[in-house]
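> Quick one, structure for this:
(one chain, ligands or ions: 1)
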Amino acid sequence: MKKRKYAARFHLMPPQGWLNDPNGLCQLNGVHHIFFQYAPEDPRGGQKYWGHFETRDFIRYTFTGLFLKPDCPEDRDGVYSGSAYVEDGEMYLYYTGNVKHRGDYDYIYSGREGNTLLVTSRDGRQASQKECLLKNQDYPENLSNHVRDPKVFKEGETYYMVLGARTRSDEGCVMLCASKDKRNWHFDHFIRKADFGYMWECPDLFELSGRQYLSLSPQGLAATEFKYQNVYQSGYFTTTRDLLSSGDGLGEFYEWDYGFDFYAPQTYEDERGRRLLIGWMGVPDVPYDHDPTIGEGWQHMLTLPRELIVDERTGRVLQTPARELLSLRKEQIYNGSSSEFLEPVSLPEGYELLLEGFADTDFELLFDGGFRVSYDAQSRVCSFLFLDESLGYGRRERKIRLLSQERVCAMRIFVDTCCMEFYINGGAYVFTTKSFREPEKKHSLSVKGKMEHMEVFELGCFDVSQE
Ligand code: FRU
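Now for the predicted structure:
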């Protein structure tokens, strides 16, 4: 294996090759299963498999290898994304079998199959025989060939499946199916929102504190100065009616993460009853496609697992890194006000930064001499700007405008070898980006503007073993 200078310390990355969406997230008998879209042969992507990590504590992981391979007629061009439903000690893993017919096709309206398949497993290593449950002819006629990413859950006596879809008239929608036995599914209704992109990927319908949310990765939303700045988005809708009985109860849409590198998240409820979210730290079809990790034979990571809670005041969802990650903290290397950071201070390879006690004035954080986070108190705009191409590799600027009445009052920042996650105001706004400081150089930080309270912890590494 080539030497990997950029290897992440506490983010999951592919052993080699390419990683995208988290799949099949669940916890069974204490073990969290984290499957993912995996193209092991090529860091620029290729034929998709499912890889598998397991962990009990989000610190020590085992990579157990390939779980699903594209090896049957219904998934021969890729085992695409899907989810886990756990029942009676068993994972029911539903996924999309991608098939591309050879010939002159557009692969949107013709030439492609998005089959829905099922395997079961007790351990994430051995899968049962594949069963094909639904084919494109079973989907409503107004849909294009793009139907994928089943997510399954149970409500009362009924199992439900949401699938992401593109209609023949290029509207994104969710196809909701129902079943009494987990194997025989029938279409129930569509969930839609007018003028909201041409394709919806990776839908996820869940309840949190008695409220229903629909998470999605929509494609085709036009960028504005403060919204939808990536090629494709991901966020969640609040709901105004029960989506299990009505298709037009979508409320406001909020982006999960405003960073350069975030897409296709999935949530699950763990055995303690927490709802956790993991996202793909990457976005398809981006113009910044020359990350230096490609030269090391790998590309992309998963985000930290994030615990979701409802902000009862606003109905929005707050994201906080799973509490297990507190045990990554080693030494506390700083505890004071920000005033000692006026000049750049050297920091370790991996660290966590807590900032609180912001005066309601402008501030600026400069990471590694070339990535600037600045806040304009009057307009409530927080901008993230790579001043230095050798850190951003094509990433440039993203901006968040806080809702009126809000201002930045707390930040929790995780800095890894080649990426960062920012949690603003208790995770009401999150920003994830890769950043490629030359690994030989030390991390550094300087701060302008005053924060009363600043703490820095050195962070340890994940322990990832391979079977
Ligand atoms: C999202 C996605 C899914 C699909 C998978 C294929 O990134 O496009 O819709 O199932 O990736 O890898």
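
> Which strand residues bridge Ala39?
For Ala39, the beta-bridge partners under DSSP bridges are Trp18.

> Need the per-residue pLDDT for it.
At Ala39, the model reports a pLDDT of 98.

> and if you look at Ala359?
87.

> do you know how far the closest residue to it other than its chain neighbours is from the ligand?
Using C-beta to C-beta, 6 or more residues apart in numbering and skipping residues adjacent in sequence, the residue nearest Ala359 is Lys450, 5.6 Å away. Placement of C-beta: from N, CA and C, glycine included. According to C-beta to the nearest ligand atom, to the nearest Å, Lys450 stands 41 Å off from the ligand.

> need the contact list for Lys450.
337-339, 358-359, 361, 363 (C-beta atoms under 8 Å, 6 or more residues apart in numbering).

> Thr239 now?
Contacts of Thr239 by C-beta under 8 Å, 6+ apart are 211-214, 249-251.

> Of those, just the buried ones, ChimeraX syntax please.
Here is the ChimeraX command that selects only those of those that count as buried (16 or more other C-beta atoms under 10 Å):
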select :212,213,214,249,250,251
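
> any idea which of the contacts of Thr239 is closest to Ile34?
Ile34 lies nearest to Tyr213 out of those, by C-beta to C-beta, at 21.4 Å.

> Spit out the contact partners of the closest one.
Contacts of Tyr213 (C-beta under 8 Å, 6+ apart): 205-207, 236-239, 317.

> what are the bridge partners for it, then?
If you apply DSSP bridges, the partners that Tyr213 bridges to are Phe206, Thr238.

> do the one 5 residues further on as well
The bridge-partner assignment for Pro218, based on DSSP bridges, gives Trp200.

> In terms of helices and strands, where is the residue of the stretch 351-467 of the chain found nearest the ligand?
Of all residues in the stretch 351-467 of the chain, the one sitting closest to the ligand is Thr432 (15.2 Å; C-beta to the nearest ligand atom). Under the criterion of DSSP states H and E, Thr432 resides in strand 429-434.

> starting at the chain centroid, how far to stretch 270-281?
Taking C-alpha atoms, centre = their mean, to the nearest Å, one finds stretch 270-281 lying 10 Å from the centre of the chain it belongs to.

> list the buried ones in that stretch?
270, 275-281.

> Domain map for this structure?
As assigned by automatic domain parsing, the chain contains the domains 18-321, 324-466.

> Quickly check: the first one near the ligand or not.
Pointing back at domain 18-321 there. Yes - Domain 18-321 reaches the ligand (C-beta under 6 Å from any ligand atom) through 20-21, 37, 48, 80-81, 96, 148-149, 201-202, 263-264, 284.

> Just send these back as TSV, with distance to Gln299 too.
Formatted as TSV, those follow (distance: C-beta to C-beta, whole Å):
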residue	distance to Gln299
Asn20	9
Asp21	14
Gln37	12
Lys48	14
Tyr80	18
Ser81	17
Thr96	22
Arg148	22
Asp149	21
Glu201	19
Cys202	19
Tyr263	13
Ala264	15
Pro284	12
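
> nearest to Glu406, of the residues you listed?
Out of the residues of domain 18-321 next to the ligand, the member with the shortest distance to Glu406 (by C-beta to C-beta) is Tyr263, at 25.2 Å.

> my guess is that closest one meets Asp285, correct?
No - using C-beta atoms under 8 Å, Tyr263 is not in contact with Asp285; the gap is 10.2 Å.

> Mind checking which of these two has more residues around it?
Each of Tyr263 and Asp285 has its neighbours counted (other C-beta atoms under 10 Å); Tyr263 has more, 25 against 9.

> Show me what the more buried one is bridged to.
Beta-bridge pairing of Tyr263, defined through DSSP bridges, involves Trp280.

> cool, and Val381?
Beta-bridge partners, per DSSP bridges, of Val381: Asp376, Arg401.

> Now do it against Ser374, distance only.
Val381 is 9 Å from Ser374, where distance means C-beta to C-beta, to the nearest Å.

> Equivalent analysis for Ile108, please.
41 Å.

> same question, Lys227
For Lys227, the distance to Ser374 - C-beta to C-beta - is 19 Å.

> got it, and Thr293?
Distance, Thr293 to Ser374, using C-beta to C-beta: 27 Å.

> Same drill for these two, tell me which one is more crowded.
Remark: of Thr293 and Ser374, Thr293 carries more neighbours, 23 against 17, as counted by other C-beta under 10 Å.

> so what's that one scoring on pLDDT?
With respect to pLDDT, Thr293 scores 98.

> Quick check: which element contains the closest residue to it other than its chain neighbours?
Of all residues not flanking Thr293 in the chain, Tyr6 sits nearest, at 4.9 Å (C-beta to C-beta, 6+ apart). Using DSSP H and E, Tyr6 is not contained in any helix or strand.

> Pretty sure Tyr6 sits against Pro439.
Yes - using C-beta under 8 Å, Tyr6 is in contact with Pro439, at 6.0 Å.

> so where do the strands sit in the stretch 101-250 of the chain?
112-121, 131-134, 143-155, 158-167, 172-179, 185-191, 199-208, 211-219, 235-239, 250-255 (DSSP state E, counting those that start in this stretch).

> Quick one: these as CSV, columns for distance to Ser327 and mean pLDDT too.
Compiled in CSV, these are given as follows (distance: least, C-beta to C-beta, whole Å; pLDDT from 0 to 100):
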stretch, distance to Ser327, mean pLDDT
strand 112-121, 29, 98
strand 131-134, 40, 98
strand 143-155, 30, 98
strand 158-167, 35, 98
strand 172-179, 38, 98
strand 185-191, 39, 98
strand 199-208, 25, 98
strand 211-219, 28, 98
strand 235-239, 29, 98
strand 250-255, 30, 98
